[in-house]
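Novice: curious how this folds, go ahead:
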Amino acid sequence: MRKAFFQLHAAVFLAGFTGVLGKLITLNEVLLVWYRLLITVATLWVLYLFQKQIKRISWKEVFKIFGVGIIAALHWVTFYASIKNANVSVALVCFSSIGFFTAIMEPLLMKHRIDYTEIFLGILTIIGIFLIFHFDPRFKTGIVIGIISAFLGCLFPIFNKKLLQRQSSETVTMLELTGGFLFLTIIIPMYIHWFPTDQFIPGWGDLGWLLILSWVCTVIAFNLSMKALQKISAFTVNLTYNLEPLYGILLAFILFREDKLLKESFYWGLSLIVISVMIQTMLIYRKHKKIN
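Specialist: Numbers count the residues shown, from 1 in each chain. All right, here's what the predicted structure looks like:
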């Protein structure tokens, strides 16, 4: 259990850079995610085939995993769309609502009783979000897209929990990312038609940031997160991921001076999110200790 928590927090720390990279990369959101998946999928296929970690599974199972990969891809697209329509801090704070959505959706999808402690901790995070921002009308679109991203983000760890009971984390990771890549490849022409862009090929600067985003913040972070899910509940994973916005926001303060948009209420909201994570971590340790 201790190793799983270390893997989870390492994944969260790495994921904290994705928001900043999303702003540094000048491509639009769907092309950004498409290139991210292209680099990541190509890397993983070479790596996993060389290590012989991909196992043959039924086509029915493949399509199930592809479906979860599509949800993950849409989560990333909406996350970066939130950044493009608002800023890094707004998108990351909206992402914090993932714990609240998980507390509701996990019992419904997994068909078990609602844990009202989880609901309470999720609500603490929601209150923290509202305290952090006195929402500026300029950010309305980014906020709405960011909340949609959080809802999508709560779903794929829940579905992954079921998949990981039957398949290895390497197989699930590889097929999910492949499914997301194929889906975006199909919809890109329609997306570009609806949201035109003049930039289709990344420049050298964008390419460098894309390699960091793909290899460090996706390949390494995704594998650490998947391994943690084998020992820790989806709610705990999502709640702990509330630290991701905190890391990302601090980086945004340093690099983009987004702290100028925030008031004293930010620190109260920040405290509530940290408290919710600390309480949940303590409860999980106590529960595990009683079982053993």
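Novice: isn't Glu106 right next to Val237, touching?
Specialist: No - the pair Glu106 / Val237 is not scored as a contact, 10.5 Å apart, by CB atoms under 8 Å. C-betas here are computed from N, CA, C, even on glycine.
Novice: can you list residues touching both of the two?
Specialist: Residues within reach of Glu106 and of Val237 at once, by CB atoms under 8 Å, 6 or more residues apart in numbering: there are none.
Novice: tell me how far whichever strand or helix holds Ile273 is from the chain's mean position?
Specialist: In the assignment (DSSP states H and E), Ile273 maps to helix 265-291. Centroid separation between helix 265-291 and its chain, computed with CA atoms, centre = their mean, to the nearest Å, is 19 Å.
Novice: report the rounded mean pLDDT for that helix.
Specialist: The predicted model assigns helix 265-291 a mean pLDDT of 73.
Novice: any chance you could map the helices in this structure?
Specialist: Counting by DSSP state H, the chain has these helices, from start to end: 2-15, 18-24, 29-51, 59-85, 88-95, 98-110, 116-132, 140-163, 169-194, 204-214, 221-229, 234-240, 243-256, 265-291.
Novice: how many other residues sit next to Phe50?
Specialist: Applying other CB atoms under 10 Å, we find 8 residues neighbouring Phe50.
Novice: swap that for Val62, please
Specialist: Neighbours of Val62 using other CB under 10 Å come to 15.
Novice: let me know whether Glu258 touches Ala91 as I believe.
Specialist: No - in this structure Glu258 lies outside contact range of Ala91 using CB under 8 Å: 10.8 Å.
Novice: who has more neighbours, the two?
Specialist: Regarding Glu258 and Ala91, a neighbour count based on other CB under 10 Å identifies Ala91 as having more, with 32 against 19.
Novice: ok, the nearest residue to the more buried one once chain neighbours are set aside to Lys140 distance?
Specialist: Residue nearest to Ala91 in three dimensions, not counting chain neighbours: Ser82, with 3.8 Å by CB to CB, 6 or more residues apart in numbering. Counting by CB to CB, to the nearest Å, the gap between Ser82 and Lys140 amounts to 11 Å.
Novice: can you pull out the low-pLDDT segments for the stretch 101-250 of the chain?
Specialist: Under the criterion pLDDT under 70, the flagged ranges of the stretch 101-250 of the chain are 132-137, 238-239, 242.
Novice: okay, the nearest residue to Phe200 once chain neighbours are set aside: pLDDT?
Specialist: If the residues on either side of it in the chain are set aside, Phe200 comes closest to Leu31, at 6.6 Å by CB to CB, 6+ apart. You'll see Leu31 listed with a pLDDT of 97.
Novice: likewise for the one 3 residues further on?
Specialist: Trp34 is assigned a predicted lDDT (pLDDT) of 97.
Novice: you'd agree it is up against Gly180?
Specialist: No - at 9.3 Å, Trp34 and Gly180 do not qualify as touching, with contact defined as CB under 8 Å.
Novice: who has more neighbours out of these two?
Specialist: Summary of the neighbour comparison: Trp34 and Gly180, criterion other CB under 10 Å, with Gly180 having more neighbours (28 against 23).
Novice: how near is the more buried one to Ser233?
Specialist: If you measure Gly180 against Ser233 using CB to CB, the figure is 24 Å.
Novice: cool, Ile273 as well?
Specialist: Computed with CB to CB, the distance linking Ile273 and Ser233 is 19 Å.
Novice: between the two, point out the one with more neighbours.
Specialist: Neighbours were counted for Ile273 and for Ser233 using other CB under 10 Å; Ile273 has more, 26 against 20.
Novice: which residue is the nearest non-sequential neighbour of the more buried one?
Specialist: The shortest distance from Ile273 to any residue other than its chain neighbours is 4.3 Å, reached at Gly128 (CB to CB, 6+ apart).
Novice: burial check on the one you found, number of neighbours?
Specialist: Using other CB under 10 Å as the criterion, Gly128 is surrounded by 25 other residues.
Novice: over to Ala4?
Specialist: By the other CB under 10 Å criterion, the neighbourhood of Ala4 contains 19 residues.
Novice: same deal with the one 5 residues further on?
Specialist: Here the neighbour count serves as a burial measure; for His9 (other CB under 10 Å) it reads 17.
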